[in-house]
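Engineer: only geometry, no sequence info:
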């Protein structure tokens, strides 16, 4: 049981090339930022002194959260981007798997564990960037924006946590 709520959780979302990563330039004390780059090692659009790690398997994000807890100089963990992270899970662990149904269940479990275990117990500020998609709500005839995720998570997982 965790006795403290992590109220330092932020989602920076928007359209592609909308300034999500650029907004991170305004974080104080760049040396205290663990930057988890899930977008194939793309460069940030500004000079920085982040501790940068290129994520090549989604489970490395779990490892990074665990490692950050013992790093006293780290005050913020940035996952850039949640969209690419979840797509990476599909590419690496689901596509071509012998048992895709089992891997889709693992995808849902991964997303829930990320939020409910790693983020929830973190003592660090946590910032996720994510792309959004626009969807027409036919009942209200309004455009709504959401962070796209696949499978069960789109109904009761990450989407519910990011709305």
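Structural biologist: Looks like it arrived, so ask away. This is a predicted model, so every value here is computed, not measured. Numbering: from 1, shown residues only.
Engineer: so what's the residue count around residue 138?
Structural biologist: Using other C-beta atoms under 10 Å, residue 138 has 7 neighbouring residues. Backbone N, C-alpha and C define where each C-beta goes, glycine included.
Engineer: need the pLDDT of it.
Structural biologist: pLDDT for residue 138: 85.
Engineer: show me the longest helix that occurs in this protein.
Structural biologist: Ranked by number of residues, the top helix in the chain under DSSP state H is helix 100-113.
Engineer: residue nearest the centroid of this structure?
Structural biologist: In the chain, the centroid-proximal residue (C-alpha atoms, centre = their mean) is residue 82; its distance is 3.1 Å.
Engineer: these two touch, right, that one and residue 130?
Structural biologist: Yes - in this structure residue 82 lies within contact range of residue 130 using C-beta atoms under 8 Å: 4.2 Å.
Engineer: any stretches of the protein with poor pLDDT?
Structural biologist: Scanning the chain for pLDDT under 70 picks out 1-7, 147-163.
Engineer: please identify the buried residues of stretch 113-127?
Structural biologist: 114-115, 118-119, 122, 124-127 (16 or more other C-beta atoms under 10 Å).
Engineer: end-to-end on it?
Structural biologist: 16 Å (C-alpha to C-alpha, to the nearest Å).
Engineer: and that stretch, how far out from the chain middle?
Structural biologist: Stretch 113-127 sits 10 Å away from the centroid of its parent chain (C-alpha atoms, centre = their mean, to the nearest Å).
Engineer: before we move on, the earlier item: could you list the buried residues of the longest helix of the chain?
Structural biologist: 103-104, 106-108, 110-112.
Engineer: with adjacent residues omitted, what lies nearest to residue 53?
Structural biologist: residue 36 (5.6 Å; C-beta to C-beta, 6 or more residues apart in numbering).
Engineer: likewise for residue 113?
Structural biologist: residue 62 (7.5 Å).
Engineer: for residue 79, which three-state class applies?
Structural biologist: strand (DSSP: H, G, I helix; E, B strand; the rest coil).
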